[in-house]
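Asks: Predicted coordinates and the sequence they were generated for:
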Amino acid sequence: FKMPGQPSRGTQRFYVTIPRGVRPGQHFRVLVNGEQMMVRCPDGMRTGDRLIVTAPRERPQQYVVQVPSGIRPGQQFPVMLQNQQIMVTCPQGVRPGERVTFQLPRTPAPPSQPAPNHQMFEVTVPEGVRPGQPFALIANSQRVMVTCPPNVRPGQKIRFQLPIQLKDEELKTIQLKYDKNGWMRCLGQDMKFHWVFNEGGGSGEGKEGDAASDAGVSDAGAAEAASPSAAAAEQRKARFDLDAVAFTSSLVPTAGENFELRFITASEHATETTVKGTTVNYQELTTVAAMGYGEKTDWLKKQFLALRTPWEEGHVKLKVRRSYILQDSMDAIESIESADMRKMFRFEFIGEPGLDAGGVAREWYTLLGDQLYNPDFGLFQYSAVNQMCLQINPNSGIANEFHLRYFHLAGRVLGKALMDGQIVPAHLVQPLYKHLLSFPVTLRDLEHMDDQVFRSLMDLLDLEDVSVLYLDFTVSEDHLGQTETVELVPGGADMMVTNENVGEYLQANVQYRLHKRIEPQLTELIKGFREVVPEALTSVLDFQELELMLCGLPNIDLEDWRSNTEYSGEFSSAGASHRVVQWFWEIVGEMSTEMRAKLLQFSTGTAGVPSLGFAVLQGNDGGIRKFTLHGDRNVKVYPRSHTCFNRLDMPLYRNKTDMQQRLIQALTFGSEGFGFE
């Protein structure tokens, strides 16, 4: 039994036994918190049955007073209570001499600590200031107006809070560094994090032609890096900076509860530094972002626990049929209000006696994920680069008329899995994890989705005269056999690509292929995810750490990996007996599970391992492409990866210590680099 009009928060439940002689529909008295309540016996209940009564945790004390003569309805009259004068308003329909009941307004207790991104001050109320009257003072070197609270007299101390204001020099020191292609989040005067590109502040990621990343490194072969490839990299950068030109998916609220997904330049995006219901602020986020993966996950678990609605204040029980798990789950999850997605869920398969103590929930996530992310269902399709990863199917609307509802479901499932520490049995392409985190995406991300398109676009940067290709600002799309020409910009069919506008052409391709092409699906996916997980909390993660949290650390069989590795280049003849190869496997053997997962991400593009092991690792053409170690004298300082071919190019290091240092640096600071062939 729940009292009507009472909110779920701020209440408590009591068990009540129905007394003798009470029939359904009758009321009986119950003493709760020292006060008498009337409870109605529900239909179908009888004497001896137990009810749950919900009542406010505390009820304010009430007082009775007689209305003085001459007072009309709506007028106020003074009442002395606890040596304080209280003004009481005469209710409508009440005349002098009649009694009225009133209660004192609840004065909120002063907070023991300031709100996030605020500073606490204490001041003495000056003489002559009455309750409700504002007075001026100087706090934090600025003039502010403070209102005297009710029932506070001159000479008493009160506390108030002001937003923290930092100087430009202080703001520059507050950063969330990810060491991913030079992008990091910096705190702005609005106390939000903004994306900033730090040119030259990239990482040790292996990219062929990016010899500048090797410059200044103490290595015998570093001087040789100033080669024609360096000149080619500078030429490319002059036409189009692969890292600096970046965009971010920003979910912006519109009218009502609707949202619009905007694909804006990365520097335009702002991330909140506080989370309602927690004490998280920019300082804590900065500290956590610099932690290791294990410490980050522990911190996130604590924050999710603080956001989760207590069990006694409401929970959700989902009953689904095993044979219709996708349809039943969609109907159930999509019927839940956004505010209820942070409640505790319990699952039950109809007709089965299983009690959900964790195992049923894990099975639900696994079975639902197997169907929801199955390419045969039409929402997702295999990446053209890596058959272990899934990307959004642009034609999902043709395959399923309710596809947007299912994408919203997919986003909610990802967010709920992250919050509850569950595993999702599907690896997504790297750009999708970036979209979920509002992380900058660049032209490089196209390689994870279609390496042929990516390479053809990269070739444009090496041509002396792009106009000889007679390209215009359009692309051709295949919709189940029907070819459609899409303009990348208004009037694109009449715009030819030249040396002067090739950068605009590449930028338009990034915007179309990574966003506009899948905009409706991506909007629902991100919206569902954000209804569960606040962006501020996930700002401490990079996209690879998000994949590890959602998909779990892979179970890597080192012997299986080693026995299914091929060797090429300088390693062709000696194979596993080569000195550098032996060092490599010794270093991998000493790595933690997390670091091995990052090595796998760096080399293949995903932390996923095929169910049949490394023997069936696939390449970009869908065929078997075993992991390959390639010895290359032209690669300097850092390893270089070719995720399309599951190949790792290794410099010919002189000693194991130097090799271990460079490999760990590459995995820690830039495990998303690519090579070109």
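Replies: Everything's here; your move.

Asks: Make sure residue 318 is indeed in a helix.
Replies: No. Applying DSSP: H, G, I helix; E, B strand; the rest coil, one finds residue 318 to be strand, outside a helix.

Asks: In this model residue 332 seems to touch it, though I could be wrong.
Replies: Yes. Counting by Cβ atoms under 8 Å, residue 332 is a contact partner of residue 318 at 5.0 Å. Yep, even glycine has a C-beta here, placed from its N, CA and C like the rest.

Asks: ok, now which ones touch the residue located most distally from the centre of the chain?
Replies: Here the centre of the chain is the reference, and by Cα atoms, centre = their mean the most remote residue is residue 69, at 63.7 Å. Contacts here follow Cβ atoms under 8 Å, 6 or more residues apart in numbering; on that basis residue 69 touches 96, 97.

Asks: Quick one: classify it as helix, strand or coil.
Replies: coil.

Asks: Also residue 159?
Replies: strand.

Asks: Helices along the stretch 101-250 of the chain, start to end?
Replies: 168-172, 228-239 (DSSP state H, counting those that start in this stretch).

Asks: Can you find the helix or strand of the protein with the lowest average pLDDT?
Replies: helix 228-239 (a mean of 61; mean pLDDT, DSSP states H and E).

Asks: about what we covered before: now do the phi/psi pair for the residue farthest from the centre of the chain.
Replies: Main-chain dihedrals, residue 69, degrees, to the nearest 10: phi -70, psi 150.

Asks: same deal with residue 155?
Replies: Per degrees, to the nearest 10, the backbone of residue 155 is at phi 100, psi -20.

Asks: what's the distance between it and residue 125?
Replies: Applying Cβ to Cβ, to the nearest Å, the value for residue 155 to residue 125 is 7 Å.

Asks: More neighbours: the two, which one.
Replies: Each of residue 155 and residue 125 has its neighbours counted (other Cβ atoms under 10 Å); residue 125 has more, 20 against 10.

Asks: The more buried one: what's it in contact with?
Replies: So residue 125 contacts 135, 148, 152, 153, 154, 155, 156, 157, 158 (Cβ under 8 Å, 6+ apart).

Asks: Phi first, then psi, for it.
Replies: phi -70, psi 120.

Asks: Need the nearest residue in space to it, chain neighbours excluded.
Replies: residue 154 (5.0 Å; Cβ to Cβ, 6 or more residues apart in numbering).

Asks: From residue 629, how far out is the closest residue to residue 198 other than its chain neighbours?
Replies: Excluding the flanking residues, the one nearest residue 198 by Cβ to Cβ, 6+ apart is residue 182, at 4.9 Å. Distance, residue 182 to residue 629, using Cβ to Cβ: 28 Å.

Asks: Neighbour count: those two, which is higher?
Replies: Using other Cβ under 10 Å as the criterion, residue 182 and residue 629 rank with residue 629 on top: 24 against 20.

Asks: The host helix or strand of that one packs against which elements?
Replies: Per DSSP states H and E: residue 629 is located in strand 627-631. For strand 627-631, the packing partners by 3 or more Cβ pairs under 8 Å, 6 or more residues apart in numbering; DSSP states H and E come out as strand 565-569, helix 579-590, strand 647-650.

Asks: Let me have the ones you listed in CSV, extended by mean pLDDT and mean neighbour count.
Replies: Conversion of the helices and strands packed on strand 627-631 to CSV gives the following (pLDDT from 0 to 100; neighbours: other Cβ atoms under 10 Å):
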stretch, mean pLDDT, mean neighbour count
strand 565-569, 93, 17
helix 579-590, 93, 16
strand 647-650, 90, 24
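
Asks: Figure out which of the ones you listed is closest to residue 444.
Replies: strand 647-650 (17.1 Å; Cβ to Cβ).

Asks: how far is that closest one from where the chain is centred?
Replies: 32 Å (Cα atoms, centre = their mean, to the nearest Å).

Asks: Show residues contacting it.
Replies: 206, 568-569, 571, 580, 584, 602-603, 627-632, 635, 639-642, 675.

Asks: again, but for stretch 295-307
Replies: 275, 277-278, 280, 288-289, 291, 342, 418-421, 534, 537, 540-541, 545, 549.

Asks: mind saving the C-alpha coords of it as CSV?
Replies: In CSV, the C-alpha atoms belonging to stretch 295-307 read as follows (Å, rounded to 0.1, in the frame of the first residue of the first chain):
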residue,chain,number,x,y,z
GLU,A,295,42.0,2.5,-10.6
LYS,A,296,39.7,4.2,-13.0
THR,A,297,37.3,1.3,-13.1
ASP,A,298,37.3,1.2,-9.2
TRP,A,299,36.5,4.9,-9.1
LEU,A,300,33.7,4.6,-11.7
LYS,A,301,32.1,1.7,-9.7
LYS,A,302,31.9,4.0,-6.7
GLN,A,303,30.3,6.8,-8.7
PHE,A,304,27.8,4.5,-10.3
LEU,A,305,26.9,3.1,-6.9
ALA,A,306,26.2,6.7,-5.7
LEU,A,307,24.0,7.3,-8.7
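
Asks: and that stretch, what's its mean pLDDT?
Replies: For stretch 295-307, the mean per-residue pLDDT is 92.

Asks: quick one: buried residues of that stretch?
Replies: Within stretch 295-307, the residues scored as buried using 16 or more other Cβ atoms under 10 Å are 296, 297, 299, 300, 303, 304, 307.

Asks: Repeat that for stretch 250-262.
Replies: 250, 251, 259, 261, 262.

Asks: Tabulate these (a markdown table), appending pLDDT and secondary structure.
Replies: Compiled in a markdown table, those are given as follows (pLDDT from 0 to 100; DSSP: H, G, I helix; E, B strand; the rest coil):
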| residue | pLDDT | secondary structure |
| --- | --- | --- |
| 250 | 93 | strand |
| 251 | 88 | strand |
| 259 | 80 | strand |
| 261 | 90 | strand |
| 262 | 92 | strand |
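
Asks: picking up where we left off before, my guess is the residue nearest to residue 125 contacts residue 131. True?
Replies: No. Using Cβ under 8 Å, residue 154 makes no contact with residue 131, being 10.3 Å away.

Asks: returning to that earlier point: now, of the contacts of residue 125, which are buried?
Replies: 135, 148, 152.

Asks: So which of these sit within strands?
Replies: residue 135 (DSSP state E).

Asks: what ranges do the helices span in the stretch 351-500 of the chain?
Replies: Using DSSP H, counting those that start in this stretch, helices in the stretch 351-500 of the chain cover 359-372, 396-399, 403-420, 430-437, 451-460.

Asks: what's the closest of those helices to residue 524?
Replies: helix 403-420 (4.0 Å).

Asks: For the closest one, name the packing helices and strands.
Replies: Applying 3+ Cβ pairs under 8 Å, 6+ apart, one finds that helix 403-420 contacts helix 293-307, helix 325-334, helix 359-372, helix 396-399, helix 519-530, helix 543-551.

Asks: Could you pull up the mean pLDDT of it?
Replies: 94.

Asks: now the helix or strand containing residue 80: mean pLDDT?
Replies: Following DSSP H and E, one finds residue 80 within strand 76-81. Throughout strand 76-81, pLDDT has a mean value of 84.

Asks: quick one: strands adjacent to it?
Replies: strand 84-89 (antiparallel) (DSSP bridges).
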